[in-house]
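# Okay, predicted coordinates and the sequence, questions at the end:
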Amino acid sequence: MAWIAVSPLPGDPFTAHMMEHLILGMAAPLLLALARPFTLTLRVLPPGTARRSLLTLMHSRPAAWMVFPPVAALLDLGGLWLLYRTELFAAVQHHPLGHAVMHGHVLAAGLLFTFSVCQLDPVRHRRNLPLRGATLLAAGAAHAVLAKTLYATPPPGTAFTTADLQTGAQIMYYGGDVVEAALAVVLAASWYQAAARTRQQRHRAYSPRTASTRTSP
């Protein structure tokens, strides 16, 4: 993210933009989600107003709806389809403020989607793994289809070269697959940890000592 902010990325215009999209919208949100920033903040903050306010925000009903996986996926992928399949991308391409707003939206939507799928930080309602996995598959399919459409036709109102357009679309397609595979690994690890906790609880519940205690007069 700092690299994008201070220097242009290599490559033709659309290729460089897609590298920015991949870093801001997918790779950086995944790394930030793995860092568990809210959990870290709660551990660092002393008991007081700031800590209670953060907990209230995280457990609020609006926050719960925003990290509901299908809603977060719609905000993320819907925004990308709106950006690249309408003239919106051409309208903001050469305007610094519009370009900054576009980057901010891509980052915020990517963070929201990644946090909703991983759910490593404490949230109001922890959604089950099948729902999060299905949302990840559907979002990955929508992202791949969008990349394929960009490989064939540029965003309306733009005039990128064919080589630039196809290279950028390939970065979006294959780079997105890599990040989505990493998200799938996070989900698999969450499932494994949850299954291990369940086995430990059952083992403690039916340990010989517990059983003898229950059967003793």
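Arrived safely.

# Could you list the low-confidence segments of this protein?
Applying pLDDT under 70 to the chain flags residues 194-203, 205-217.

# 50 instead?
211, 216-217 (pLDDT under 50).

# So which residue is dead centre in it?
Thr114 (1.9 Å; CA atoms, centre = their mean).

# Look up the closest residue to it, ignoring the ones flanking it.
Spatially, and ignoring its direct neighbours in sequence, Thr114 is nearest to Pro29 (3.9 Å; CB to CB, 6 or more residues apart in numbering). Quick note: C-beta positions are derived from backbone N, CA and C, even for glycine.

# Which strands or helices does the host helix or strand of that neighbour pack on?
In this assignment (DSSP states H and E), Pro29 forms part of helix 28-34. Contacts defined by 3 or more CB pairs under 8 Å, 6 or more residues apart in numbering; DSSP states H and E place helix 28-34 against helix 96-118, helix 162-205.

# now, of those, which is deepest in the fold?
For these, the largest average neighbour count (mean count of other CB atoms under 10 Å) is found in helix 96-118, namely a mean of 19.

# Which helix or strand lies directly C-terminal to it?
Going down the chain from helix 96-118, the next helix or strand is helix 129-152, by DSSP H and E.

# and that following helix, which residues are buried?
132-133, 135-136, 139-140, 142-144, 146-147, 150-151 (16 or more other CB atoms under 10 Å).

# go on, stretch 83-96?
Judged by neighbour count (16+ other CB under 10 Å), stretch 83-96 contains these buried residues: Leu83, Tyr84, Leu88, Phe89, Val92, Gln93.

# In helices, which of the residues you listed appear?
Cross-referencing those against helices under DSSP state H gives Leu83, Tyr84, Leu88, Phe89, Val92.

# With distance to Gly11 added, can I get these in a markdown table?
As requested, those are exported to a markdown table (distance: CB to CB, whole Å):
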| residue | distance to Gly11 |
| --- | --- |
| Leu83 | 19 |
| Tyr84 | 18 |
| Leu88 | 22 |
| Phe89 | 17 |
| Val92 | 19 |
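
# hmm, which two among those are most spread apart?
Spanning the widest gap among these are Tyr84 and Val92, at 11.6 Å by CB to CB.

# now the angle from the helix or strand that the helix holding Pro29 is followed by to helix 96-118?
Next along the chain after helix 28-34, taking DSSP H and E as the criterion, comes helix 37-44. Here helix 37-44 runs at an angle of 80 degrees relative to helix 96-118 (axes from the mean of the first three to the mean of the last three CA atoms, to 10 degrees).
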